[in-house]
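1. only geometry, no sequence info:
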Ligand code: FES
């Protein structure tokens, strides 16, 4: 089994977690050093990050992993602080919208200063590519966080930049004071607030369209809002390559299928010596496949972070949904939540 093991860390994980409780492979430690409400529901968290954390590009996000009721759960959050804060103090800030009915964000609200959490490396490619070109940023709600990081990190201003910030009144605009100060001291930066209580979305769209010539666009906000703006821009002279949009979470490539024949894939899931054979949907992870057949495997983050869904593959091949890498065909341990079936499988749950 070890011969097929892509990482010995996975094999020795139970032992490592006994030695270092909370240890997760590929994660970094971050200590909470400050909490501050930006608006009634946006909480800004400041973390002192491990010296091993490899840093970030302004606009990127990371996963925070917390332990809750015996399992790990993870969520992505954009870094909202300037690059200089990490460079000078090894600190980063995240602005998190607290949803009191949700599972994760109320836990963030309860964190005490000094608490250590796991964070991932920064990820995502929502970063400013061509600072020499005139740029329009469009943010709505918590979509301001990666855009604020990009703007507050900008050292050399080479072209005009305008931020259209859509919010329900200035009292609900997170990071507004930092951005207002930036606009006051940087003549190439303009801040335009669009109050969703008094200004229809069409008015903002019209402003963007009249201001769109040869501009780069960076959009971040609720999916429906971004789609509306994107559609309006594309229906004018703006080309798709001029528009960048933030996308949170793992970009999971869909399966290209195991073969060209129409024979459905099957897997045998073995638990306590009893084998259950199921037909697999190759477009889904093995965790989703098993759940759809009522098998309820153990899981935590569902993002490949916490390793709680690790189990033994006895035979067959899977694809890692994050990297596209193919496994071997023999016995090895796999993470069900980020493994996609490629061939017939036998798996011990
Ligand atoms: S559920 Fe966390 S790694 Fe699979």
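-> Sure thing, it's come through. Everything numeric in this text was worked out from a predicted model, so none of it was measured.
2. quick one: secondary structure of residue 77?
-> Following DSSP: H, G, I helix; E, B strand; the rest coil, we place residue 77 in the strand state.
3. Oh, that last question was meant for residue 324, not what I typed.
-> Residue 324 - assigned by three-state DSSP - is coil.
4. how about low-confidence regions in the stretch 1-150 of the chain?
-> 1-10 (pLDDT under 70).
5. likewise the stretch 151-300 of the chain?
-> Answering for the stretch 151-300 of the chain: the residues below the bar, that is pLDDT under 70, span 247-263.
6. where along the stretch 151-300 of the chain do the strands fall?
-> 161-167, 189-195, 216-220, 243-245, 266-271, 274-279 (DSSP state E, counting those that start in this stretch).
7. chain center to the first one: distance?
-> Centroid separation between strand 161-167 and its chain, computed with Cα atoms, centre = their mean, to the nearest Å, is 22 Å.
8. how does this structure divide into domains?
-> 26-119, 135-245, 266-348 (automatic domain parsing).
9. Indicate whether the shortest one makes contact with the ligand.
-> Yes - applying Cβ under 6 Å from any ligand atom, one finds domain 266-348 in contact with the ligand at 299, 300, 301, 302, 304, 305, 306, 307, 308, 309, 335, 337. In short, each C-beta sits where N, CA and C put it, glycine included.
10. swap in stretch 53-67?
-> No - Stretch 53-67 lies out of reach of the ligand by Cβ under 6 Å from any ligand atom, never closer than 8.5 Å.
11. which parts of that stretch are buried?
-> Within stretch 53-67, the residues that count as buried by 16 or more other Cβ atoms under 10 Å are 53, 56-67.
12. End to end on it, go ahead and measure it.
-> With Cα to Cα, to the nearest Å as the measure, stretch 53-67 spans 20 Å from end to end.
13. Could you do stretch 293-313 as well?
-> Rule used - Cα to Cα; the end-to-end distance of stretch 293-313 is 18 Å.
14. now do stretch 183-198
-> 23 Å.
15. for stretch 338-349, same thing?
-> The stretch stretch 338-349 measures 15 Å between its terminal residues, going by Cα to Cα.
16. Next: stretch 208-215.
-> 10 Å.
17. List of residues touching it?
-> 133-136, 138, 162, 164, 217, 229, 232-233, 236-238, 242 (Cβ atoms under 8 Å, 6 or more residues apart in numbering).
18. likewise stretch 180-200?
-> With Cβ under 8 Å, 6+ apart, stretch 180-200 has contacts from 140, 151-152, 157, 159-170, 173, 176, 179, 203-204, 207.
19. related to what we said a few turns ago, distance to residue 318 for the buried residues of stretch 53-67 - can I get that in CSV?
-> Output for those, formatted as CSV (distance: Cβ to Cβ, whole Å):
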residue, distance to residue 318
53, 30
56, 30
57, 31
58, 35
59, 32
60, 28
61, 27
62, 26
63, 22
64, 27
65, 23
66, 28
67, 27
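20. Quick check: the farthest pair among those?
-> For those, the maximum inter-member distance is 29.5 Å, found between 58 and 67 (Cβ to Cβ).
21. coming back round to it: so which of the residues of domain 266-348 next to the ligand would you say is closest to residue 93?
-> residue 305 (21.2 Å).
22. Can you tell me the SS state at the closest residue to the closest one other than its chain neighbours?
-> Nearest non-adjacent residue to residue 305, counting by Cβ to Cβ, 6 or more residues apart in numbering: residue 74, 4.8 Å away. Here residue 74 is strand, with the state taken from three-state DSSP.
23. Identify the bridge partners of residue 74.
-> residue 65 (DSSP bridges).
24. quick one: it and residue 306 touch, right?
-> Yes - using Cβ atoms under 8 Å, residue 74 is in contact with residue 306, at 6.8 Å.
25. Now list whatever residues contact both of these two.
-> Joint contacts of residue 74 and residue 306 (Cβ under 8 Å, 6+ apart) are 65, 300.
26. which residues does residue 349 contact?
-> 269, 270, 271, 290, 295, 297, 311.
27. Up against the ligand, what does the chain have?
-> 299, 300, 301, 302, 304, 305, 306, 307, 308, 309, 335, 337.
28. Quick check: the farthest pair among these?
-> Those two in the residues of the chain next to the ligand that are separated most widely, counting by Cβ to Cβ, are 302 and 307, at 11.9 Å.
29. For the strand or helix carrying residue 31, give me every contacting residue.
-> In the assignment (DSSP states H and E), residue 31 maps to strand 28-37. Here strand 28-37 makes contact (Cβ under 8 Å, 6+ apart) with 43-50, 52-53, 64, 91-92, 111-121.
30. could you redo the last one with a cut-off of 7 Å?
-> Applying Cβ atoms under 7 Å, 6 or more residues apart in numbering, the contact partners of strand 28-37 are 43-50, 52-53, 91, 111, 113-119.
31. which residues touch residue 105?
-> 96, 97, 98, 99.
32. Mind doing that once more with 10 Å?
-> By Cβ atoms under 10 Å, 6 or more residues apart in numbering, the residues touching residue 105 are 41, 43, 75, 77, 96, 97, 98, 99.
33. so how far is the ligand from the nearest residue in space to it that is not next to it in sequence?
-> In space, and not counting its chain neighbours, residue 105 is closest to residue 98: 4.6 Å by Cβ to Cβ, 6+ apart. Using Cβ to the nearest ligand atom, to the nearest Å, we find residue 98 at a distance of 23 Å from the ligand.
34. Show the contacting residues for residue 38.
-> 44, 80, 93, 95-97, 142, 144-145, 172-178.
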